[in-house]
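Chemist: quick one, fold the following:
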Amino acid sequence: MTTTHLLNIRRNDRETDVAELGQLAFAGYAHFTAMQVRDGRVRGLDLHLMRLRHASLKLFGRALPDDRVLTWVRAALDDAPADLSLTATVYLPSGEFTVAGPDEEPALLVRTAPPASAPAGPFTLAVAEHERFLPCVKHAGEPAKTYFLRQAAEQGCDDVVFTDRRGRLSEASIWNLAFWDGTSVVWPAADMLDGVTMGIVRRQLDRLGIAQRVLGITLADLPELAGAAVMNSWTPGVMVRRIGPVQLPEARTFGELLHRAYEAEPLISL
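Modeler: Next up is the predicted model:
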């Protein structure tokens, strides 16, 4: 497996230049999806395309056709290693703090980089009250997440988990949360980003006949649960040993279940 290659960034159907990158470098009004490509294939391609489409409609009122997105993504894979990280970012060239013209089309930046792997865990998570703006959108610019992550690191924690104003756990900095009650996978009931890996795991758990439920979970509820994990494009499950002051069981079986569900999802060629 190739583990290193030069960073490659393309705008739409061609290599980008400094001026075009500058449009995005100083703007946060954009959204993206991130994926791990292995042997030229990816899991949950339909979910990645749906994420880009829905977020573009939400932010810009228009979206790039799926087939055009795929064409531009495939162009970025030409002469690239079979295994890599890929980030597709959608933005309007007019940038932020402006009103877009009625005919302005979104642009797509595709970045490839070396493949990523997840930390081994288990994680210790600090807790911060934070509600993201438009949580259903995977924003390009979210300084609050980095701020709280660094605050957590200063406390000796691995990452941070957010609670809403009602005290419900929602998500972590770049992770979705999943819990185990001993028989069912429990997903938080709160406003949050539905991750692609989360979507993959949920639909494969359904196919495997594993019970799932959605529940508003507070810190006070954690002692009643049998385990917790976080997931993102790197992995379907890193186990969590503590959230705030609450210690959690190791729950290896739960972690194995999340990985089994994820691996049941077929890889799709790009």
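Chemist: D206 belongs to a strand?
Modeler: No: with DSSP: H, G, I helix; E, B strand; the rest coil as the criterion, D206 is helix rather than part of a strand.
Chemist: let's have the chain start at 16 instead
Modeler: Got it, first residue is 16 now, which makes that one D221.
Chemist: how about the nearest residue to it, chain neighbours excluded?
Modeler: Leaving out its chain neighbours, the residue that sits closest to D221 by C-beta to C-beta, 6 or more residues apart in numbering is Q227, at 7.3 Å. (Each C-beta comes from the backbone N, C-alpha and C, glycine too.)
Chemist: show me what the one you found is bridged to.
Modeler: V200 (DSSP bridges).
Chemist: how much space separates it from A241?
Modeler: Using C-beta to C-beta, to the nearest Å, Q227 is found at 15 Å from A241.
Chemist: who has more neighbours out of those two?
Modeler: Per other C-beta atoms under 10 Å, whichever of Q227 and A241 has more neighbours is A241, with 17 against 13.
Chemist: need the contact list for that one.
Modeler: With contacts defined as C-beta atoms under 8 Å, 6 or more residues apart in numbering, A241 is in contact with W195, D196, G197, P264, A266, F269.
Chemist: among these, which are in helices?
Modeler: F269 (DSSP state H).
Chemist: just the buried residues of the contacts of A241.
Modeler: Neighbour counting by 16 or more other C-beta atoms under 10 Å classes W195, A266, F269 among these as buried.
Chemist: surely the first one and F269 touch.
Modeler: Translated: W195. Yes: using C-beta atoms under 8 Å, W195 is in contact with F269, at 4.0 Å.
Chemist: shared neighbours of those two, anything?
Modeler: Taking C-beta under 8 Å, 6+ apart as the contact rule, W195 and F269 both touch A241, G242, A244.
Chemist: and the gap between V152 and Y44?
Modeler: Taken as C-beta to C-beta, the span from V152 to Y44 is 10 Å.
Chemist: I'd like the next helix or strand past whichever strand or helix holds L85.
Modeler: If you go by DSSP states H and E, L85 is part of helix 81-91. As assigned by DSSP H and E, the chain's next helix or strand after helix 81-91 is strand 99-106.
Chemist: report the inter-axis angle for the longest helix along the chain versus strand 99-106.
Modeler: Using DSSP H to define each element, the chain has its longest helix at helix 60-75. Angle, helix 60-75 to strand 99-106, by axes from the mean of the first three to the mean of the last three C-alpha atoms, to 10 degrees: 30 degrees.
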